[in-house]
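1. Okay, predicted coordinates and the sequence, questions at the end:
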Number of protein chains: 2
Amino acid sequence: MSRQNDKRNQLVNAADKLFHQKGINITTLADIASLAKVPLGNVYYYFKSKDSIVEAVIQMRRQQLHEKMAEWNILASARDRLVALIEWQTTLSQETAASGDALGSLCQELGKQHGVLADMAAELLHELIQWCEKQWQALGRVTEAHTLACKLVASLQGMNLLVLSFKDPNLLNCHTQVLLQELGVRETVAS
Amino acid sequence: MSRQNDKRNQLVNAADKLFHQKGINITTLADIASLAKVPLGNVYYYFKSKDSIVEAVIQMRRQQLHEKMAEWNILASARDRLVALIEWQTTLSQETAASGDALGSLCQELGKQHGVLADMAAELLHELIQWCEKQWQALGRVTEAHTLACKLVASLQGMNLLVLSFKDPNLLNCHTQVLLQELGVRETVAS
DNA sequence: GTCTATATACAGATAGAC
DNA sequence: GTCTATCTGTATATAGAC
């Protein structure tokens, strides 16, 4: 952890926040430098271009996603692990209402540009789906696992879009109830 | 339909296409003017700002959505009307894989900016959900109609994001099968 | 009404002092 | 390594000839 990495991390964290809040295209290097309290020109000592900052942000988010999944993996039952994912989304409902889902907007914005960055963002989504797939397999839904995983992630992402559009965090709580119920149908006993 | 409106419409159509393909923020007035074969400076005779072009595009899409819904409304059963919506999405799978869903990306991009335009885009999504809600009511699912409508639109929108991210139109076909089956569960007989 | 030329502002990126 | 000053390109928007 050198001094150099400190400043670099400040820049990546600032970019991460601004990309989420305003979108990548609208965010300027000046915005990032300003939030990170680093002089504009200095940015190019750490990154050769704006794209390489975007790449660094994606890598950081990938790391964070891995940590989240590792955290969920500790849970004993696959059902609880899926519940943890869904509940995690609800804890983000406030910021989702303000700025959308970080992963979803990243994929949406980069997806149109057809570049390497789009593939990297898509890879994050892919890893999340793969993780869900494993949980469904553990629940015995082996043949349908992939479809169910896509369905779950799509539902969450679609709901995040509604939450953003209608600025209504509560919509997410309401809908995740349904998702949780659907999970419960096969796993819990009536009580 | 004066000559004036012709050029205006050319500009709106060009903007509509480019906003979908590249996103609003990345699309420049020069891009729009060029595609519409209108000199750049002339754009300001028809629109006072870029935002007012965005507004015109949203209004046009609103009109198109109304036409689509009117078209579907002709169908006899509410179930067929919902099927028509889902199948319409699948017919768009190619362009969704290339540029995402037009409505979804609009809401995602504008949703972060918290302006009047964001509200207008959200209104489109709202109208689609309301339309779905009516169909569910007609199917007798009165109390759950709103939830089911949100769920359906969210599923479609989420799937559109996966299709864009993974550049895989077939994913949509695959998933809409599931949605159609779910609709079918309550309405069709085994055969 | 239509278009050319241009003002103005600001983006990403660079040069080079310290 | 760090920062100031600035280049270069290009965006939105305007002025004004025709």
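-> That came in fine, so what should we check first?

2. ok, which stretches of chain A are helices?
-> A:3-22, A:29-35, A:43-46, A:50-73, A:78-91, A:93-99, A:102-111, A:116-138, A:145-166, A:169-187 (DSSP state H).

3. close to DNA strand D, is the shortest one?
-> So that's helix A:43-46. Yes - under the criterion of CB under 7 Å from any atom of the strand, DNA strand D is reached by helix A:43-46 at A:Tyr44, A:Tyr45. For every residue, glycine as well, the C-beta is placed using N, CA and C.

4. That helix: which residues count as buried?
-> If you call a residue buried by 16 or more other CB atoms under 10 Å in any protein chain shown, then helix A:43-46 has these buried ones: A:Val43, A:Tyr46.

5. Is any residue of that helix near DNA strand C?
-> Yes - Helix A:43-46 is in contact with DNA strand C by CB under 7 Å from any atom of the strand, via A:Val43, A:Tyr44.

6. Ok, the fourth one next?
-> Yes - using CB under 7 Å from any atom of the strand as the criterion, contacts between helix A:50-73 and DNA strand C involve A:Lys50, A:Asp51.

7. got the CA positions of that helix in PDB?
-> Included here for helix A:50-73 are C-alpha records, laid out as PDB according to Å, rounded to 0.1, in the frame of the first residue of the first chain:
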ATOM      1  CA  LYS A  50     -10.500   7.800 -19.400                       C
ATOM      2  CA  ASP A  51     -11.200   4.300 -20.600                       C
ATOM      3  CA  SER A  52      -8.500   2.900 -18.400                       C
ATOM      4  CA  ILE A  53     -10.200   4.500 -15.400                       C
ATOM      5  CA  VAL A  54     -13.400   2.800 -16.500                       C
ATOM      6  CA  GLU A  55     -11.600  -0.500 -16.700                       C
ATOM      7  CA  ALA A  56     -10.100   0.000 -13.200                       C
ATOM      8  CA  VAL A  57     -13.600   0.700 -11.800                       C
ATOM      9  CA  ILE A  58     -15.000  -2.400 -13.400                       C
ATOM     10  CA  GLN A  59     -12.100  -4.400 -11.900                       C
ATOM     11  CA  MET A  60     -12.800  -3.000  -8.500                       C
ATOM     12  CA  ARG A  61     -16.500  -3.800  -8.800                       C
ATOM     13  CA  ARG A  62     -15.600  -7.300  -9.900                       C
ATOM     14  CA  GLN A  63     -13.500  -7.600  -6.700                       C
ATOM     15  CA  GLN A  64     -16.400  -6.300  -4.600                       C
ATOM     16  CA  LEU A  65     -18.800  -8.800  -6.300                       C
ATOM     17  CA  HIS A  66     -16.400 -11.600  -5.500                       C
ATOM     18  CA  GLU A  67     -16.300 -10.600  -1.900                       C
ATOM     19  CA  LYS A  68     -20.100 -10.400  -1.700                       C
ATOM     20  CA  MET A  69     -20.500 -13.900  -3.300                       C
ATOM     21  CA  ALA A  70     -17.900 -15.300  -0.900                       C
ATOM     22  CA  GLU A  71     -19.800 -13.800   2.000                       C
ATOM     23  CA  TRP A  72     -23.000 -15.400   0.800                       C
ATOM     24  CA  ASN A  73     -21.300 -18.700   0.200                       C
END
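
8. Quick check: the gap between the closest residue to A:Glu95 other than its chain neighbours and A:Leu164.
-> Leaving aside its sequence neighbours, A:Glu95 sits nearest to A:His20 (CB to CB, 6 or more residues apart in numbering or on different chains; 7.7 Å). Applying CB to CB, to the nearest Å, the value for A:His20 to A:Leu164 is 11 Å.

9. For the closest residue to A:Ala118 other than its chain neighbours, list the residues it contacts.
-> Excluding its sequence neighbours, the residue lying closest to A:Ala118 (CB to CB, 6+ apart) is A:Leu110, at 4.3 Å. By CB atoms under 8 Å, 6 or more residues apart in numbering or on different chains, the contact set of A:Leu110 is A:Ile24, A:Val54, A:Leu117, A:Ala118, A:Ala121.
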